[in-house]
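J.: dropping a prediction and its sequence here:
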Amino acid sequence: IDGVLDNLHLTRPATCLQLLDLIADVDAKAEPLLILDFFRLFYNPDVDISHRMQLVRQCSQHLQRIKLLRPVVMFIQQTPCDEYELFFPIIASIANETVVLERD
């Protein structure tokens, strides 16, 4: 754990297109990849829903490749919106394991 924490690389994309670019450029290092609040950037109503779905699918394809090379952990906050119901099954389908944390 200390080795991972000593070598953190933090990146904060501003758009779902930037997130796709970052995921597409992940290299083959064995370092874990942690993605926080993955869908946040895909909830932008200024981008057509079909385009956002396509971007989620493209991210999913890259994540399938990445998970063969390094551990990948994603935190996804469930939100009561139509987009979440569309996006989550795409990402969940490539997960080796999903864990649901209940709120108190």
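T.: Cool, the structure landed. What you are looking at is a predicted structure, and each value in this text was computed from that prediction instead of being measured.
J.: from here on, just use CA atoms for contacts and neighbour counts.
T.: Noted.
J.: which residues are in contact with stretch 53-67?
T.: Contacting residues not belonging to stretch 53-67 are listed as 16-17, 20, 23-24, 26-28, 42, 72, 86-87, 90-91, 94 [CA atoms under 8 Å, 6 or more residues apart in numbering].
J.: an error on my part: the question was meant for stretch 26-37.
T.: Contacts to stretch 26-37, defined as CA under 8 Å, 6+ apart, come from residues 4, 66, 69-77.
J.: and if you look at stretch 75-83?
T.: By CA under 8 Å, 6+ apart, the list of residues contacting stretch 75-83 from outside reads 34-39, 43, 49, 84.
J.: the contacts of stretch 53-67: which two are farthest apart?
T.: Taking CA to CA, the two most distant members of the contacts of stretch 53-67 are 28 and 86; they sit 29.5 Å apart.
J.: for the residue most central in space within the chain, which non-adjacent residue is closest in space?
T.: Nearest to the geometric centre of the chain sits residue 38, at 4.2 Å (CA atoms, centre = their mean). If the residues on either side of it in the chain are set aside, residue 38 comes closest to residue 76, at 5.7 Å by CA to CA, 6 or more residues apart in numbering.
J.: can you pull out the low-pLDDT segments for this structure?
T.: With pLDDT under 70 as the threshold, the chain has low-confidence stretches at 1, 3-5, 104.
J.: what are the buried residues along the lengthiest helix in the chain?
T.: Among the segments of the chain that qualify as a helix by DSSP state H, the longest is helix 49-66. Neighbour counts using 16 or more other CA atoms under 10 Å place 52-53, 55-57, 59-64, 66 of helix 49-66 among the buried residues.
J.: then that helix to CSV, C-alphas only?
T.: Taking Å, rounded to 0.1, in the frame of the first residue of the first chain, the C-alpha atoms of helix 49-66 are listed here in CSV:
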residue,chain,number,x,y,z
ILE,A,49,-27.6,11.1,-24.9
SER,A,50,-26.7,8.8,-27.9
HIS,A,51,-23.2,10.4,-28.0
ARG,A,52,-22.8,9.9,-24.3
MET,A,53,-23.8,6.3,-24.6
GLN,A,54,-21.2,5.8,-27.3
LEU,A,55,-18.6,7.3,-25.1
VAL,A,56,-19.5,5.1,-22.2
ARG,A,57,-19.2,2.1,-24.5
GLN,A,58,-15.8,3.2,-25.8
CYS,A,59,-14.6,3.7,-22.2
SER,A,60,-15.9,0.2,-21.4
GLN,A,61,-13.9,-1.3,-24.2
HIS,A,62,-10.7,0.4,-23.0
LEU,A,63,-11.4,-0.6,-19.4
GLN,A,64,-11.7,-4.3,-20.5
ARG,A,65,-8.2,-4.1,-22.0
ILE,A,66,-6.8,-2.3,-19.0
